[in-house]
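Trainee: Provided below for reference: sequence and predicted model.
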Amino acid sequence: MLTSKSELTRSSPVFRGIFATILLGGLVYIGYALWGDVGNLPGLQATSMGLLGLALVVALGFEFANGFHDTANAVATVIYTNTLPPQVAVIWSGFFNFLGVMFASGAVAYSIIALLPVELILNVGTSAGFAMVFALLIAAILWNLGTWFLGIPASSSHTLIGSIMGVGLMNQLLMPGGFNAHGVDWSQVIKVGKALIFSPLVGFFLAGLVVFLARLILLKYRPHLFDAPEGDEPPRLPTRLLLILTCTGVSFAHGSNDGQKGMGLIMLILVGIVPLAYSLNPGQSPAELSHFVQTTRQVALALTPSSTATNTVLSAAEATPQPDQPESQSATETADLTVNQSSNTGVATIPSVAAARQEITRFLSHGDSTALTQPALASLATKTADTLATVNDVHQLTEGQVRDLRNDMYLSGTALKKMEKDKVLADMPPVEQTVLQDYRKGLEKATQYIPDWVKVAVALALGMGTMVGWRRIVTTVGEKIGKHHMTYAQGASAELVAMSTILFADKIGMPVSTTQVLSSAVAGTMVANKSGLQKRTIQTILTAWLLTLPVCIVLSGGLYWLFLTFLSF
């Protein structure tokens, strides 16, 4: 039981001093870095700064609540095996969460963003964009706080994804075509959903297998590994080091995966409110920009269709919107997607930029490429190259240029990734394939970056959440999943499997739930050790997992409608 340890944590002046120092130092650094980025921007209004501050507080509030759930799982085993005192464990875990966040690739952050409707991402600076961000974050916070209060290890990943789906579905319902329109990228939802469904199964069976094999191999030589701790006596030094190592690994893995989920949303907020500072990566040198411009022009040529036909224009029938097209796409607008080809040069002129943006947005929403898709990409590539060719630094661009450039880059990069997955460009010559890969990397480097202060803010929120609210979830994981006290081997096996699973998911850019993986792993070790499971706890956890998606979908969808209807950002 944690009663005495919890009291020690609350009353320790050293713990409070470390907590206050970390918090104050982090806030000073974040404020200094943020003001350095936006303090000298032209035309920045006090209302924009106020909205930015509010949005950041809400976004970091989600990560703070995430710390209640997910990071608390990392310390459960070391606390319940007496490996580390609670106050030491949570500070240790918070520090390695910080390192995990700081070394994160950003791939998970932008895979989460990819779940959002394309039109809301492109217009994140509008009322609809802000309504989207606030609705999904507030819905996720409310569910996280509710399940934490009840001591249920619910999935923050499921919570956030359900909230994103709710906003997407409500946005789809409010569109002219209703549910005949396309507002949710279901292929991406299914991809992420598979990771969230299979990862706890992997945790359960793999952790059980590790304990089973450990008993076969080590029981005769290291029987103490399979004993429950007695009183407050810590384990032997080698065992203690093993448990500290696995706790460290889970904490680091959690920071590198779960910490990114808030990063992507924070970047959306920053792009929407202060696009001049955060829409494009400011760290690119003139030489890198020049190389990217050259690559972009090569891509534009590679994607421009060639033909001996002359002046091919869409017919009236082709210009008529198809049943699966948004009603807002009129025949006149579609007719602008014209391909004028010359028999003399064999090279086609490409669609206007406005028409190209419309075509790529349609492609990403509907998922079907047409003869117009590649020319549209060529048009956006040409526009991107022409804009960047006029400057040596992205800071020399105007706010309007930055917004358009980022949107064009986002559309191009996402479309190329989808076309690669669907093998639409598989028959292109190898040389052109190489150029396309270089172009995609350039697009990602320019748009998918995360400033250091954002990483620090997320790491700080996660760590503070753990230090403040760790006890409820730790108690459930340590005391209420199995019928018997956790052994040293069980604690090490559960965290070793959780660490490996989460790090692998981070490497491939897939979001997984630390809570689900570790809770399932603990349950797996209990079964393998024949310790038994507390059915009531397991039923409660499974019920919460099943309810998370539908509840968050309804909650975030309702909040999105409410904010759109009654509030003006």
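Mentor: Arrived safely, thanks for sending.

Trainee: Okay, buried residues for the helix or strand hosting Ala300 please.
Mentor: In the assignment (DSSP states H and E), Ala300 maps to helix 286-303. For helix 286-303, burial by neighbour count (16 or more other Cβ atoms under 10 Å) applies to Leu289, Phe292, Val293, Thr295, Thr296, Arg297, Gln298, Val299, Ala300, Ala302, Leu303. Heads up, the C-betas are built off the backbone N, CA and C, glycines and all.

Trainee: Check the third one and give its pLDDT.
Mentor: Confidence at Val293, expressed as pLDDT, is 94.

Trainee: how near is it to Asn407?
Mentor: 18 Å (Cβ to Cβ, to the nearest Å).

Trainee: what's the host helix or strand of Gln539 packed up against?
Mentor: Counting by DSSP H and E, the element that carries Gln539 is helix 535-566. Using 3 or more Cβ pairs under 8 Å, 6 or more residues apart in numbering; DSSP states H and E, the elements in contact with helix 535-566 are helix 127-149, helix 156-174, helix 514-528.

Trainee: From Ile541, how far off is Gly532?
Mentor: Relative to Ile541, and taking Cβ to Cβ, Gly532 is found at 16 Å.

Trainee: Point out where the stretch 401-550 of the chain drops to low pLDDT.
Mentor: 469-470, 473, 478-480, 509, 511 (pLDDT under 70).

Trainee: Please, where are all the helices along it?
Mentor: With DSSP state H, counting those that start in this stretch as the criterion, the stretch 401-550 of the chain has helices at 430-447, 452-475, 488-507, 514-528, 535-566.

Trainee: Buried residues in the helix holding Gln539, which are they?
Mentor: 537-538, 540-541, 544-545, 548-549, 551-553, 555-557, 559-561, 563-564.

Trainee: correct me, but Leu303 touches Leu377?
Mentor: Yes - taking Cβ atoms under 8 Å as the definition, Leu303 is a contact partner of Leu377 at 5.0 Å.

Trainee: what's the domain layout of this structure?
Mentor: 3-36+46-279+450-566, 286-447 (automatic domain parsing).

Trainee: Could you tell me the least trusted of these?
Mentor: For the domains of the chain, mean pLDDT drops lowest on domain 286-447, to a mean of 75.

Trainee: returning to that earlier point: and of the buried residues of helix 286-303, the nearest to Thr147?
Mentor: Nearest to Thr147 among the buried residues of helix 286-303 is Phe292, at 45.1 Å by Cβ to Cβ.

Trainee: Quick check: closest non-adjacent residue to that closest one.
Mentor: Among residues not flanking Phe292 along the chain, Gly442 sits closest, at 4.4 Å (Cβ to Cβ, 6 or more residues apart in numbering).

Trainee: ok, the one you found - contacts?
Mentor: If a contact means Cβ atoms under 8 Å, 6 or more residues apart in numbering, then Gly442 has His291, Phe292, Thr295, Thr296 as its contacts.

Trainee: Identify the residues contacting the second one.
Mentor: Phe292 makes contact with Gln284, Leu388, Gly442, Ala446, according to Cβ under 8 Å, 6+ apart.

Trainee: of those residues, buried ones?
Mentor: Counted by 16+ other Cβ under 10 Å, the contacts of Phe292 give Gln284, Leu388, Gly442, Ala446 as buried.

Trainee: Which parts of the helix or strand where Leu243 lies count as buried, going by neighbours?
Mentor: For Leu243, the host element (DSSP H and E) is helix 237-273. With burial defined by 16+ other Cβ under 10 Å, the residues of helix 237-273 counted as buried are 239-240, 242-244, 246-273.

Trainee: and that helix, how far from the chain's centre?
Mentor: Between the centre of helix 237-273 and the centre of its chain there are 12 Å (Cα atoms, centre = their mean, to the nearest Å).

Trainee: Look up how far Ala302 lies from Thr434.
Mentor: Taking Cβ to Cβ, one finds Thr434 at 10 Å from Ala302.

Trainee: cool, and Gly524?
Mentor: Counting by Cβ to Cβ, the gap from Gly524 to Ala302 is 50 Å.

Trainee: One more: Val394?
Mentor: 25 Å.

Trainee: Kind regards, and thank you for your time.
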